[in-house]
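Engineer: How does the following fold in three dimensions:
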Amino acid sequence: MAVEIKLPRLGQGMESGTIVRWLKGEGDAVEKGEPLYELDTDKVTQEVEADASGTLLAIVVADGEVDVGTTVAVIGSPDEDVSGLLATLSDGRRAAAASEPEAPVAGAPSGDGPEPEPASATAAPAAAGAGERVKASPLARRMARERGLDLSSVAGTGPEGRVIAVDVESAAEPAVGARPEAVAGEVEVVELTSTRRTIARRLTEAWQAPVFQLVVTADATGLVATRERMVELVRDGDVKPTVSDLLTRIVASALVRHRAVNAHFVDGRILRFPQANVGLAVAAPSGLVVPVVRAANQLSVQEIAAVRADIVTRAREGRLQLSDLEGGTFTISNLGMYGIEQFVAVLNPPQVAILAVGSIEDRPRARDGGLVVAPTMTMTLTCDHRAIDGSEGAEFLETVKNLVETPALAL
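Structural biologist: Below you'll find the model as predicted:
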């Protein structure tokens with residue numbers, strides 16, 4: 001019996017998604033759990049698996065934005081007649097379309113409305129041509145589509161020649177010595193990606209919260225020495241721990257001791273969590289994303305390093321799943337690798353605190369009545385005052401500082 005494949009709700013608050021492309025064609029055999037199509041949400045582009053086995057009898061929605069629960073395909077037996085079902089679905093779509101206001105004609109003036117979107121922003125990429133399908137990450141495909149690039153002309157640097165986001169970025173840049181397309185002084189219009197729109201919305205929400213910042217400077221001598229010793233003990237093939245990995249473990253240990261900071265503020269209530277799901281702010285080609293290291297307080301530094309390496313790589317290749325981004329209870333934003341000594345990070349709602357970590361720099365410090373030069377790190381905690389009092393934030397940050405200076409207490 002034919003099964004209607006409906007657009008799933010992949011995350012809390014998801015109401016719709018955009019079908020990017022189908023990984024199977026009509027008439028293809030499909031196994032339950034097999035990737036069926038790529039879906040772009042406001043957070044990530046990910047593959048959606050088939051929830052039934054059989055033959056893909058019809059693709060009802062080839063591409064474009066679709067509401068959650070809408071039938072997008074039909075799977076059944078190879079010789080099954082689904083014409084009646086397709087006619088019913090088609091009638092339903094026509095009825096829904098008739099109830100919507102008529103859209104303006106593309107390119108026509110709209111009075112006080114915005115200018116029409118440039119054609120290049122929505123143009124589909126040229127066909128790859130005959131032969132093997134181009135291997136590319138979902139994010140790379142979306143970026144190529146937005147830039148009007150033919151993926152078959154882009155050299156891939158990912159695994160097995162896979163085209164990743166940075167390849168599309170490079171291909172979109174003008175060659176050295178080439179004449180720039182824009183006239184000097186001309187305003188460049190950059191269309192927001194779905195990820196950038198989400199960032200704008202969430203940071204606007206964060207800016208409405210009454211926040212305060214607390215700053216502390218820690219002696220990082222022990223932290224650096226511990227990391228170096230861990231690197232020496234790493235087995236061949238294992239991921240080398242970074243300072244960020246140690247900080248993740250240290251912060252997780254502090255969070256379970258100070259649950260007021262390990263919390264969400266939702267609908268006028270404070271939700272305090274027993275486990276520390278630490279989000280790591282990562283600069284991906286499409287914008288800032290925050291994949292989560294779950295139950296970091298129960299992981300070793302080496303286990304955290306392995307998880308971090310995986311999620312950061314997938315974030316930069318645009319291969320994160322929605323599940324990678326959900327459930328965070330606290331966020332660390334580390335810009336130390338860029339030489340930034342100190343900064344203030346913006347809250348990641350509904351979380352009630354975020355830690356901004358600066359670079360480790362050799363600075364003069366008082367020690368045992370004398371003056372020494374030691375590796376030093378500045379950390380800034382941004383707190384939502386609706387959920388955290390100053391003393392609670394200060395106690396948490398004091399614990400983090402003590403653990404940075406004596407890492408063995410957290411490991």
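Engineer: who's in contact with the closest residue to residue 334 other than its chain neighbours?
Structural biologist: Spatial nearest neighbour of residue 334, excluding adjacent residues (C-beta to C-beta, 6 or more residues apart in numbering): residue 357 at 4.2 Å. C-betas here are computed from N, CA, C, even on glycine. Neighbouring residues of residue 357 by C-beta atoms under 8 Å, 6 or more residues apart in numbering: 244, 247, 332, 333, 334, 335, 336, 377, 379.
Engineer: Restricted to helices, list the residues you listed.
Structural biologist: 244, 247 (DSSP state H).
Engineer: Residue 59: which of the contacts of residue 357 is nearest?
Structural biologist: residue 333 (41.5 Å; C-beta to C-beta).
Engineer: ok, now which ones touch that closest one?
Structural biologist: Counting by C-beta under 8 Å, 6+ apart, residue 333 touches 281, 345, 354, 355, 356, 357.
Engineer: confidence score at the first one?
Structural biologist: The one in question is residue 281. Residue 281 carries a pLDDT value of 92.
Engineer: And for the fifth one?
Structural biologist: Among the per-residue scores, residue 356 shows a pLDDT of 97.
Engineer: Might you report the residue contacts of the residue lying closest to it once chain neighbours are set aside?
Structural biologist: With C-beta to C-beta, 6+ apart as the criterion, residue 356 has its nearest non-adjacent residue at 3.9 Å, and that residue is residue 345. Contacts for residue 345 (C-beta under 8 Å, 6+ apart) come out as 281, 331, 333, 354, 355, 356, 380, 382.
Engineer: Apply 6 Å and report the result again.
Structural biologist: 333, 354, 356, 382 (C-beta atoms under 6 Å, 6 or more residues apart in numbering).
Engineer: so of the contacts of residue 357, which ones are in strands?
Structural biologist: 332, 333, 334, 377, 379 (DSSP state E).
Engineer: picking that back up, separation between the residue nearest to residue 356 and residue 207?
Structural biologist: Residue 345 is 13 Å from residue 207, where distance means C-beta to C-beta, to the nearest Å.
Engineer: circling back to that earlier point, need the max-distance pair from the contacts of residue 357.
Structural biologist: 333 and 377 (13.7 Å).
Engineer: Please list all residues in contact with the closest residue to residue 339 other than its chain neighbours.
Structural biologist: Sequence neighbours aside, residue 359 is the residue nearest to residue 339 in space, at 5.4 Å (criterion: C-beta to C-beta, 6+ apart). Residue 359 sits next to 336, 339, 341 when contact means C-beta under 6 Å, 6+ apart.
Engineer: pLDDT score for residue 359?
Structural biologist: 95.
Engineer: Now stretch 402-411: buried residues?
Structural biologist: 403, 404, 407, 410 (16 or more other C-beta atoms under 10 Å).
Engineer: hmm, back to that, quick check: of the contacts of residue 359, which has the highest neighbour count?
Structural biologist: residue 336 (22 neighbours; other C-beta atoms under 10 Å).
Engineer: Just name the closest of the buried residues of stretch 402-411 to residue 4, please.
Structural biologist: residue 410 (51.2 Å).
Engineer: Tell me where the stretch 301-411 of the chain has helices.
Structural biologist: 301-316, 322-325, 390-405 (DSSP state H, counting those that start in this stretch).
Engineer: would CSV of the contacts of residue 357 with pLDDT be doable?
Structural biologist: Supplementary listing: those in CSV, determined by pLDDT from 0 to 100:
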residue, pLDDT
244, 94
247, 96
332, 97
333, 95
334, 94
335, 94
336, 93
377, 96
379, 97
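Engineer: nearest to residue 324, of the contacts of residue 333?
Structural biologist: Using C-beta to C-beta, the contacts of residue 333 come closest to residue 324 at residue 281, 13.4 Å.
Engineer: Count the residues that sit near the closest one.
Structural biologist: Residue 281 - counted by other C-beta under 10 Å - has 18 other residues nearby.
Engineer: so who does it touch?
Structural biologist: So residue 281 contacts 290, 333 (C-beta under 6 Å, 6+ apart).
Engineer: quick one: it from residue 312, how far?
Structural biologist: 10 Å.
Engineer: worst average pLDDT in the helices of the stretch 301-411 of the chain?
Structural biologist: helix 322-325 - the lowest mean pLDDT of the helices of the stretch 301-411 of the chain, at a mean of 86.
Engineer: What are the buried residues along that helix?
Structural biologist: In helix 322-325, counting by 16+ other C-beta under 10 Å, buried: 322, 324, 325.
Engineer: now the closest residue in space to residue 324 that isn't next to it in sequence: how far from residue 370?
Structural biologist: Counting by C-beta to C-beta, 6+ apart, residue 324 lies nearest to residue 291, which is 4.6 Å off, once chain neighbours are set aside. As for residue 291, its distance to residue 370 is 44 Å (criterion: C-beta to C-beta).
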